[in-house]
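K.L.:
Please work out how this folds:
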Amino acid sequence: MNRNISNLYNKLSKLNPVIIIIIMIPSFWFSWLYNSRIEFTFFLTALKEVYAEQTEPPLFNFDEMNTTSLYFMFAILYSVFSVVAVEVVSSFLYNQLYNRGSLYGDRTFFKNVIRINVVFASVIIGLFGLINFAFSAFSSFSSTIISFLFYTIAHIVSFYVLKESAEINPRLVGTVFLFFFRMYFSILTIASVIAILRLDFKTIDFDAIATIVKLPVIILTAVAIYFLHLKKLFASQRYAQTVITVESNEKESPPNEIFKGFGF
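P.N.:
Predicted structure coming up:
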């Protein structure tokens, strides 16, 4: 990784975590605002189904409420939920990897690197969302596939920043990458399958096509990451283990202090 990029991350990671978390909220809001019509439709439909089953008068009448107001409200809720999810997942990752001896650095640097890359990815996704004004059909793919690709890139960059900053044990670098992405792709695959099962195949539109296409894109991306990154990292891991083992064997044994006074 370029030294200037590493220096940039080292400077940004020294920011107060509270400041970065506050920045994450509007960045998530911006990324979601023009990209997540599919998620909003699922959410609104589920709410209407829940309130339709109630016998008492509902607290909110969703049929009378302005859809745009609901959309903005849900965008804020999504932003807060996303920040909480990032904090929980990054804490879980750090605890698991640190307890296994895979990490050397402190919690703040580890989490700040992930937070910063999530902010960068969210802003880029939000900028792509602006294209939706000109090409409405593009929004379906922007909200599913493009978001997935840029958040995946954010995770990869986070890993390599931590690797270059000597935060990751070189003898376990492949294992860390595998643990990092096995959880990430498992969650995405399960969510994608659930989204496909919820589709009404009687009416196939751009949203449905984008939802269906996302699953093979996830699988192909996982395969590409395996061949482009994971295999090389495991080779690097084996090399580091060999070098460290050889260096340990070449060290001279300490003198036997017990018999030193007897001329031995």
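K.L.:
Which stretches in the stretch 151-264 of the chain count as helices?
P.N.:
Along the stretch 151-264 of the chain, the stretches classed as helices by DSSP state H, counting those that start in this stretch are 173-197, 206-225, 231-250.
K.L.:
With distance to Ser158, mean pLDDT and mean neighbour count as new columns, can those helices be given to me in CSV?
P.N.:
For the C-beta atoms, the positions are set from N, CA and C on the backbone; glycine is no exception. Shown next, in CSV, are those (distance: least, Cβ to Cβ, whole Å; pLDDT from 0 to 100; neighbours: other Cβ atoms under 10 Å):
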stretch, distance to Ser158, mean pLDDT, mean neighbour count
helix 173-197, 8, 82, 16
helix 206-225, 14, 82, 16
helix 231-250, 14, 63, 12
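K.L.:
Adding distance to Gly129, write these out as TSV.
P.N.:
As requested, the helices of the stretch 151-264 of the chain are exported to TSV (distance: least, Cβ to Cβ, whole Å):
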stretch	distance to Gly129
helix 173-197	19
helix 206-225	14
helix 231-250	33
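K.L.:
Is Lys14 part of a helix or strand, or is it coil?
P.N.:
coil (DSSP: H, G, I helix; E, B strand; the rest coil).
K.L.:
Now do it against Glu87, distance only.
P.N.:
Distance from Lys14 to Glu87, counting by Cβ to Cβ, to the nearest Å: 19 Å.
K.L.:
of these two, who's got more company?
P.N.:
It is Glu87, of Lys14 and Glu87, that has more neighbours when counted by other Cβ atoms under 10 Å, with 16 against 10.
K.L.:
for that one, what are its contacts?
P.N.:
Ile21, Lys111 (Cβ atoms under 8 Å, 6 or more residues apart in numbering).
K.L.:
a helix runs through it, doesn't it?
P.N.:
Yes - Glu87 forms part of a helix when assessed by three-state DSSP.
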